[in-house]
Each structure stands twice: as C-alpha cells, then as structure tokens.
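*Asks:* predicted model follows, preceded by the sequence.
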Amino acid sequence: MDATLFFNQVIGGLASGAIYGSLALALVMIYRSTGIINFAQGEMAMFSTYIAWQLTEWGVNIGLAALIAIGVAFLAGTAIQSSIIRPVEGADHLTQIMVTLGLFFILNNVAGWQWTFQAQVVPSVFGDEIFAVGDVRITALSIGTVIVLIAEVALLTLLLQKSRIGLAIRGAVDNADSAELVGISVSRMLMVGWGLAAAFGAIAGILVTPRLFLQPNVMFGVLIYSFAAAILGGLDSPIGAIVGGLVVGVTENLASTYIDFVGGDLKIGVALALIVGVLLIKPNGLFGRGEVARV
Amino acid sequence: MTPLTIVRGSPRHRAIVAAIGAVVLVVLIVIPNVLPSFRLFQVTLAAGFAIAIIGLALITTSAGQISLAQSTFFAIGAYTTAVLVADHGWTPILTFPVGAVFAFMVGLLLGLPALRLKGLYLALVTMAFAIITVPLIKRFDGLTGGNMGKLVSTPDPPSWSGMSPEVWTYAVAVTVATVMFWLANNIVKSGVGRSLSAIRHSELVAETMGVNVAVLKSLAFATSAAFAAVGGGLFTMTVEFVAADSFGLLISIEFLAALVVGGAVAIPGAIAGSLFIEFLPAWASEVNDALAGVLFGSILILVMIFLPDGVTGFIKRQLSRFVVVRHPVVLPPTGDRIGDQGPVDGRVEVEAVLE
Amino acid sequence: MGLLDVNDLHAGYGPVSVLHGIDLTVEEGAIVVVLGANGAGKTTTLRTLSGMLSPSRGTIRFDGRPLAGKPATFVRSGIAHVPQGRGTFPQLTVEENLRLGAYSLGRQPYDDDLARWYDFFPRLAERRDQRGGSLSGGEQQMLAVARALMMRPRLLLLDEPSLGLAPTITQNLFELLRQLNEDTGTTMLIVEQNANLALALASYAYVIESGEIVTEGPAETVGADDSIRRAYLGV
C-alpha cells in the first residue's frame, strides 16, 4: 500500500471533513434550537459566499469581505427565522420541510439569476501556500479550515455553556414555556440560533469555494455530506458534528480511492450509506443524546 | 348563516356527484379538441404526475410518512416501460403493471427503514435513496442509456380509435389515471385506509387496537411506490425519451410540493398539484429562467404559512360555510348515549387539556 | 388597592371561553388561595396573570398600574409564575435552573440569592449539579419555587403545587411557603385543588367554578362553611 497516497487522501479527507463539520455545526445549531432540519442551509451558505465574492470583485480584500458576508449572513438568518420559519414553528414536519425547500429554490435561483451559473473563482482567506511534509501536500487553506472549525466549536461551547445568553438559548430549547416565565424572549433566542447557524454556514462556504469554485449548485453536494456528518455525530451534538464531519471526509476520500465501484459520482453513495446506516442502526449517532427518530 | 347539509348517499348527494362526474367527462373530452398540441402534451404529463402524487398521498396524508423517494419508483416505472418497449417491443400499457410490481417489491425493501423512522428522519433516508438513483441509472447505462438517454418510440394508436398519437396517449393517460384514482379512493375508504389513518394519529394506539402496524406501513409504502411506477410508465409513453438526469431528487420534491400545495382533498388535490408542477415552471421559464424557481419556492412557502391544508383544503373550508356533506347518523342503542348519563352542558374541559 | 387587582377578567383559547369575568384582589404580603375543581379555570387564571395568555376582556393592575403584554413584561414587574407540573428545565442542572431564574435581573450579581435559597432548600444544594429532570417530584417543586424566588419577585403565583406529591411532602412544602411568607413577606397567590392544606396556609380564599368566582372570604370562614365545602370543593 502506497503510504503517500494514503496520507494524502487522509489529509484531503480531513480538509473536506472540516468543511462538512462546519456546515454540520450549522445544521446542529438549528436542529437543537428549533427542531427543524434546514434543507436550505447549503444555499444560505452559497448565497453568503456570493456576497463575499461580489465584494472582492469590487476590490474589497477577501478577509474583510468574509467578515462582512458573515455579518450579513447572521442578520439574514435572524430575518429568515422570524419571517418564514416562525409562522410554521408548531406545524408538522412536512410543512416545515417544505418551507426550507421553498427557501432552497428561491436562493438557488436568485443566485443563478444574479450571478449566472458560471463557476467563479473565490480567493482563499488563508492564501495559496502549500506545505510539503515529505511527499504529502497540505494547503494553507486546509490547515486554516481545521483551525477555524476548532475555533467555531470552542466559541459555540463557550457561548452555550458559559454565557448568560447561551444559558437562555439552552433554556429556551429545553422548556420554552418556562423560559418565557423567567423573562426570556424565546422568539428572540430562536432568531439568534438561526443567525449563528447562518454565520457558520457562511464560513463553511467561504472556506470551501476556493477549492470547489463558486456556482449556485456548489453547496448541494456539501450539504448531503454535512447531513451525513450531523447524523453520524448525533443531530443535537456540536462535537458530534465535527467528529462526524472529519469521519465522513476521510471515509469519502478513502472509499473513492480504494473501492473500485465507488468513483466519480457514486462517491456520494458513501455519505448516503452513512445516513441510512446510522439512522437504521443507531439513530442518535455517536454523541447524540436526544430522543431521535424512533417511532 | 347555517350551511346546507347534504347526507352522503342520499339521492340529492348522488345527483350532485353524477353532475360533477358529467362535467368532468365533458371537460376531458373537450380538452384534446381545443388545446394546442403542446398544451395537450403538458396535460398528459400532468396526468402521469397526478398518479405518482396520489400514491404519495396514500402514505403522507394517510399514514403520516414523508417520502422523498417517489422519484426512485417513478424512475423504476419509467425505465421498465422504456426497456420493455424499446428493446422488446411491448405495448406500453402492458408494461405498466410490470413496472408497478417491480416498484412494489423494491418499495417493500426500501420501506423497511420506514418501519422505524418518523418524520424528518424518514425524509432523510428516502432522500438518500432518491439521490443515489441518478448515479445508479448512469452506472448501468448499457440498459438505461445513462446520461445520453434512451429513445422509446411508442407504437401507433390502434386504428379503431381513430385518434392521433397525442390524443391516444392523452386518452390512455387519463383512463389509467382514473383507474388509479378509483383504486386509491377505495384503499383509503376501506378498512385498510382507516387503519392507516389510525397509524398516522398514533401508532401505539393503533397497535393496541389490533392493527398490524409494521405490515400495514410496509404495504402502504410499497403501494405508493407502485403508483409512482405507473406514473413513470406513462411518463415514458408520453415523452418517448428517458434520461438519467430527469429522475433526480428534484422530482421527489416536486411531487411533495404538488401534494402540499394541491392540498388535503386527495384527488382534486393531486390533480391541482400536478397541474401546478407542470404548468407553473413551464410558464415562468418563458418569462425568465430563474423566475420559475423563485416563484415555485415562494408559492410553496406562502401556501405552507397561509394555507397549510393546501389550495383544495382552503376551498373546501370556504365551501363548507355554504354546504356540508355529512355521513348518515347511526345512533347507538339506548343507554350508551351521552345524554343518558346526565346533563351535558356543552362546556369544554379546557383545564384538562393543559395538564 | 391591593398589590394585584383583577377586574372582570375574560380569557379563553380560540373560540373556547374559559374565564367569564374574574374579580380578585391580593393584598401585599398576603397569601391568597384560589380553590376549585378541575376545569374550573384555575390554571387559565394564573396564565393570564403571568402574561402567558392574553385576556379577551378585563384589566389586571399590579401595584396600581395596568399590566398587559408578553410574559417578559410581567416578569419585569416582579411576577413569578410556578407553573403546573413544575416547569423545570429537565436537561439543565439544578444550579442552571436557578441561574435562569435570575435571568431577568440582567447583569446584577445574584450569588447571594443563590446562597440564600440553597440555605433555605438544603436538598437543592445537595443536588446542585444534577439534571433538573432527575429530581423527585417534591424536589422539583422546591426547585421551581426556588427558581421563582431567584427573580426577587413581589408576587409568587403557584399552580397546584401539591399536584402529584405525597401528603407529607406537600405538608413540608406548604410549611416552607408559610415560613417564606413570614421571613420575606413575599405575596403569594396559590391555586389549588387540595382545599385543606391551602386554607390552613392562606389568609384569604376565592372559590372558582366554571370560570367565575362563586364565593370568597377570609380563609377560616370559607374553610369552616360546610355548605361551601360541599357545594364547590367536593368535601
């Protein structure tokens, strides 16, 4: 077995996995705070990335553009929650799913109309350097992505576990009525939850598009892998999202390299098999705690 | 204003149903004579979609399951017909039952996860099936024609019909759709349908009432798959061409969208929904490509927020201000009636609800 | 003018009207009890008084000023509602539950309050890192009361605190409430089905039936009146 190939694939898998984990984190945030699976998470990330890209086209430095786009994403997330998600909060799953799918169509087509379906080049926030460790290649972007992911988890954990507003969010999720009775505005907490998730999604989009190139359909594939990551890790576990993401990334790469049947467009079968497998065998995933799935 | 009450099964009711039936028949006959060729084609397509949608309704509205895999079964039906007609010279209509049986069996298999998963999670698993379908079709391109697709020339209509090919296809589609609607209606109204309804409300309760939940859910899922396959077969017969990319997740989403927008009243809802997904995107993309998607998504969201039981559900509610259809009342034997236990003062025990 | 003045309160859920004109007054420092059977409207009344439910008619005055709007408004005025069934945050620890109780205090330090209520409810101190949902019924009730107290409330609303609790635990709880009222003067409005214990604790009582106050009076009077007990309290 060729060690270099193996390590390259593992490194590559970890880098992709960090992206999946990032978007999975957003999915987990929304699932934990509102119990919804947001099928439009990828499109929201894509749209935010277009905003960052458009800013760079106008001469803004990528770092600043990224920050602005993330801020806009946060606001947009709160707006989306309060305008179209809140009205269907108590509704059945099908209704909620259809709303997020409707959002998917809108964002995808507006992006296509505004910026065409042509692939665009997005500059890397971490520059273009490539490091070599022996024969194994690691891009600065990959390293940066993993660091950002770790920072996201740390921030999220700190926020949720140590801050007043984090406690309020957890309370709102745990028992919305009691949260109201202690003076928490549950609707405002949910908005914050969606805003944060949108921001995380934006980060994921900005970090992955230098490699995948930006076009309206870029995040759909990523979304599927992120679903797999979130489910593998446990839909209510931020740590699970990260671990799940890394596992999915590495598995995807190794499977497509070493298993002949899996190649090219059947690569996504890995993610799909994970989704089905986990939900059938251990629906809570690796770290999930809530009561999931089972009838 | 108190609504007019009509008792189901009464002469008045039967007369109204007959009248509606007559109007529908007239409309169906008139359509091929007044619509231009392309519009007729679209209506024919919609008929096929409506079958897949009513199949979806069987498990969604009836048993409360969310399936994003309808496109997979639609594809099975479409490709069964394609291969049998193009490679083996079968008559299209005869291929539909074959596709249906095949889809039924696959549905039983894929429906196994349906047994233990609910809501969002079932949606994700069925979504996975839908996504893998296109690459799989491409992988077996010897049979399916893969990306490039497969031409399927449907044979000429029989001479006794006196119809042109498009009209014949339309007639076949509408007839098959009618048969499938009748089947679906019978399923829902039967004991099986009621058991499915019980399952949707509470599986636990249904189980204690003696409903074999697992078997029924599997059969329901498999049946809805069979319906989708019939729709798929019609699709192939109408379009005369199949290509892998036509059968992706998007189709499943469109079927679900058709179901929820069309609404709660099963058959009219399926018809309304099928017309929605066929005509709206086509019309909108004549104006602007992106508009189709934006309009589609917006309507979806607006309907979910403001008309949660769909267009037909909304219409039904409005109509029920004027006309209400109720079942004939069957009184239990004396001694069991609520009134026999003392005065009922019509108060609602809201306090208990809060516990 | 009491601390709380309720006038002609009407409220319900959608088309169903539950309260048909409730009038009540709670003097500052008093313990007032509202008795009634299931379905009489007790919980609905409390939900209106904490802002969880908007009245369709009538006024609520707190400290002379009209009160209406979202629960947060009521909380800011100093009304703490201990809901039926405790309303604990089951996934959060005891300490986190109490910290949430202090949410409306904003940035004000509340460590002293924590210490004080741990002192008053030593069982909670013992379990401070345990999940709220893992406590026994009686402990959860104490947790719910302590959480409400963290708010430094002027008025404590308690919805059927005895529900689901064994008699000895209920007695213990009511004794704690009495002591609390004595030590701190916290005004309490308690809604109960358990007439005996409640009447022993309260100074004033209302009886509610079918969404209306059918009788009221000093607690001993109401308690001693057999006709009232038989007619409305099922005793």
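*Replies:* Here it is on my side, so go on.

*Asks:* can you show me the strands along the stretch 51-200 of chain A?
*Replies:* A:130-133, A:136-139 (DSSP state E, counting those that start in this stretch).

*Asks:* check whether B:Ile251 really touches B:Ser71, as I assumed.
*Replies:* Yes - at 3.8 Å, B:Ile251 counts as touching B:Ser71 under the criterion of Cβ atoms under 8 Å. Just so you know, the C-beta spots here come from the backbone N, C-alpha and C atoms, and that holds for glycine as well.

*Asks:* may I ask which helix or strand of chain C has the lowest mean pLDDT?
*Replies:* Every helix and strand in chain C was compared by mean pLDDT, DSSP states H and E; the lowest is helix C:226-232, with a mean of 72.

*Asks:* which other helices and strands contact that one?
*Replies:* strand C:204-209, strand C:212-218 (3 or more Cβ pairs under 8 Å, 6 or more residues apart in numbering or on different chains; DSSP states H and E).

*Asks:* tell me, what residue is most central in chain B?
*Replies:* Most central in chain B under Cα atoms, centre = their mean is B:Ile54, positioned 1.5 Å from the mean C-alpha point.

*Asks:* average pLDDT across the helix or strand hosting that one?
*Replies:* Per DSSP states H and E, B:Ile54 falls inside helix B:37-57. Averaged over helix B:37-57, pLDDT sits at 93.

*Asks:* please see if that helix touches chain A.
*Replies:* No - Helix B:37-57 lies out of reach of chain A by Cβ under 8 Å from any Cβ of the partner chain, never closer than 10.7 Å.

*Asks:* burial of A:Trp53, as a residue count?
*Replies:* When neighbours are defined as other Cβ atoms under 10 Å in any protein chain shown, A:Trp53 has 23 of them.

*Asks:* likewise B:Thr175?
*Replies:* Counted with other Cβ under 10 Å, B:Thr175 comes out at 13.

*Asks:* any idea of the angle the helix or strand that it is a member of forms with helix B:37-57?
*Replies:* B:Thr175 belongs to helix B:165-189 when elements are defined using DSSP H and E. Interaxial angle of helix B:165-189 relative to helix B:37-57 (axes from the mean of the first three to the mean of the last three Cα atoms, to 10 degrees): 20 degrees.

*Asks:* and the longest helix seen in chain A, what's buried?
*Replies:* Looking across chain A with DSSP state H, the single longest helix is helix A:3-34. Buried residues in helix A:3-34, defined by neighbour count with 16 or more other Cβ atoms under 10 Å in any protein chain shown: A:7-34.

*Asks:* now do the same contact list for the residue most central in space within chain C.
*Replies:* In chain C, the residue lying closest to the centroid (Cα atoms, centre = their mean) is C:Leu158, at 1.7 Å. C:Leu158 makes contact with C:82, C:145, C:177, C:188-191 under the criterion Cβ atoms under 8 Å, 6 or more residues apart in numbering or on different chains.

*Asks:* what's the burial count for the residue in the stretch 51-200 of chain B that chain C sits nearest to?
*Replies:* Closest approach between the stretch 51-200 of chain B and chain C, counting by Cβ to the nearest Cβ: B:Leu120, at 20.0 Å. Per other Cβ under 10 Å, the neighbour tally for B:Leu120 reads 20.

*Asks:* repeat that for A:Gly90.
*Replies:* Neighbours of A:Gly90 under the rule other Cβ under 10 Å: 8.

*Asks:* please name the nearest non-neighbouring residue to residue 220.
*Replies:* Just so you know, I chose chain A. Nearest residue to A:Phe220, sequence neighbours excluded (Cβ to Cβ, 6 or more residues apart in numbering or on different chains): A:Gly42, at 5.8 Å.

*Asks:* think we crossed wires, I meant chain C
*Replies:* Closest to C:Glu220 by Cβ to Cβ, 6+ apart is C:Leu199, at 7.6 Å.

*Asks:* and what of A:Phe200?
*Replies:* A:Phe200 sits nearest to A:Ala26 (Cβ to Cβ, 6+ apart), 4.1 Å away.

*Asks:* try A:Ile68
*Replies:* Of all residues not flanking A:Ile68 in the chain, A:Leu55 sits nearest, at 6.2 Å (Cβ to Cβ, 6+ apart).

*Asks:* how about the contacts of C:Leu158 in TSV, adding pLDDT?
*Replies:* Output for these, formatted as TSV (pLDDT from 0 to 100):
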residue	pLDDT
C:Val82	93
C:Val145	90
C:Leu177	89
C:Met188	94
C:Leu189	94
C:Ile190	93
C:Val191	92
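
*Asks:* among these, which are in helices?
*Replies:* Going by DSSP H, the helices hold C:145, C:177 from the contacts of C:Leu158.

*Asks:* just to revisit the earlier point, tell me which other helices or strands the helix holding B:Thr175 touches.
*Replies:* Contacts defined by 3+ Cβ pairs under 8 Å, 6+ apart place helix B:165-189 against helix B:11-34, helix B:37-57, helix B:92-110, helix B:213-239, helix B:266-287.

*Asks:* can you list contacts of that helix?
*Replies:* B:28, B:31-32, B:37, B:40-41, B:43-44, B:47-48, B:50-51, B:54-55, B:57-58, B:62, B:92-93, B:96, B:154, B:156-158, B:161, B:163, B:193, B:196, B:223, B:227, B:230, B:234, B:237-238, B:266-267, B:270.

*Asks:* can you pull the buried residues of that helix?
*Replies:* B:166-174, B:176-178, B:180-181, B:183-184, B:187-188.

*Asks:* one more: stretch A:193-203?
*Replies:* Result for stretch A:193-203 [16+ other Cβ under 10 Å]: buried residues A:193-203.
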